[in-house]
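Participant: sequence first, predicted model second:
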Amino acid sequence: MLGLPRAASNFTSVMREQVDLRLEGENLDRFYDNFISAATSNGAFPWRDPKTTFPRPYDGWVAHNVLVEEFIEDSTPISEYLNDNSEDGKALRKELAGPLLRAFLKMIFLDNFVHGDLHPGNVLVKKKTSTNGEHTVVFLDAGIATSLSPKDQQNLIDLFRAVIFNDGDKAGRLMVERARYERCSQVEGGVDAFAA
């Protein structure tokens, strides 16, 4: 169980890293390379989605307390589109769903380098241009990023596979069996009830 002292220590560690803007600059460069370069970080296959990008930090303008990065013109926070229930709004959300999902899955399963602060305030939608004809998703604020241990990555792959194959019982059992801190197994019938 995550106690208050441990939670406070984890929070302190994350905040210290978040306020060092050099780390955010490094993370932005790595995400940019992962998403824009000709191949994934593991060299598996070329991956370039023109519908997804990250701003680039400017060389020489990154320090502990300063980060100057590329300005993303003609963009709007994604939150402005979330409540638009017009036909155009629904069509745009459908258009953006694919790049968002592909980006998240790429971060987890291909690069093992995941943006740790994805919320609507950190996602922009760049308007269509005459050159690409589609909207682009722009991820901001990469100060918090993480990689999974091989064990955690395998656990997530197994859980994701169970969800994809609509095997709720297996997904529930995996969550209990592989959890670091759980109490379901200590209660008679707890695992079965959780997995149901």
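Facilitator: That came in fine, so what should we check first?

Participant: which strand or helix spans Val68?
Facilitator: Assigned by DSSP states H and E, Val68 belongs to strand 66-69.

Participant: quick one: average pLDDT of that strand?
Facilitator: The average pLDDT within strand 66-69 is 93.

Participant: report the backbone C-alpha coordinates of stretch 74-85 in PDB.
Facilitator: Extracted in PDB, the C-alpha atoms of stretch 74-85 (Å, rounded to 0.1, in the frame of the first residue of the first chain):
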ATOM      1  CA  ASP A  74      -2.800  28.100 -35.700                       C
ATOM      2  CA  SER A  75      -3.500  25.700 -32.900                       C
ATOM      3  CA  THR A  76      -6.200  25.300 -30.300                       C
ATOM      4  CA  PRO A  77      -6.300  23.300 -27.000                       C
ATOM      5  CA  ILE A  78      -8.100  20.000 -27.700                       C
ATOM      6  CA  SER A  79     -10.400  20.700 -24.800                       C
ATOM      7  CA  GLU A  80     -12.200  23.200 -27.000                       C
ATOM      8  CA  TYR A  81     -13.300  20.400 -29.200                       C
ATOM      9  CA  LEU A  82     -14.400  17.900 -26.500                       C
ATOM     10  CA  ASN A  83     -17.800  19.500 -25.900                       C
ATOM     11  CA  ASP A  84     -18.600  20.400 -29.500                       C
ATOM     12  CA  ASN A  85     -21.500  18.000 -30.400                       C
END
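
Participant: if you count neighbours, what's buried in it?
Facilitator: Buried residues in stretch 74-85, counted by 16 or more other CB atoms under 10 Å: 75, 78, 81. C-beta: built from backbone N, CA, C; applies to glycine.

Participant: give me the helix or strand of this protein that scores worst on average pLDDT.
Facilitator: helix 190-195 (a mean of 70; mean pLDDT, DSSP states H and E).

Participant: wait, what's in contact with the spatially most central residue of the chain?
Facilitator: Per CA atoms, centre = their mean, the C-alpha nearest to the average position across the chain is that of His115, at 4.1 Å. His115 makes contact with 31, 107, 122, 139, 142, 144-145 under the criterion CB atoms under 8 Å, 6 or more residues apart in numbering.

Participant: can you put these in TSV and add neighbour count?
Facilitator: Below are these laid out as TSV (neighbours: other CB atoms under 10 Å):
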residue	neighbour count
Phe31	24
Met107	22
Asn122	17
Phe139	23
Ala142	26
Ile144	18
Ala145	19
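
Participant: return the subset of those residues lying in helices.
Facilitator: Phe31 (DSSP state H).

Participant: take the contacts of His115 and write them to a markdown table, including pLDDT.
Facilitator: Output for those, formatted as a markdown table (pLDDT from 0 to 100):
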| residue | pLDDT |
| --- | --- |
| Phe31 | 93 |
| Met107 | 92 |
| Asn122 | 94 |
| Phe139 | 95 |
| Ala142 | 92 |
| Ile144 | 91 |
| Ala145 | 93 |
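
Participant: closest to Leu156 out of the contacts of His115?
Facilitator: Using CB to CB, Met107 comes nearest to Leu156 of those, at 11.6 Å.
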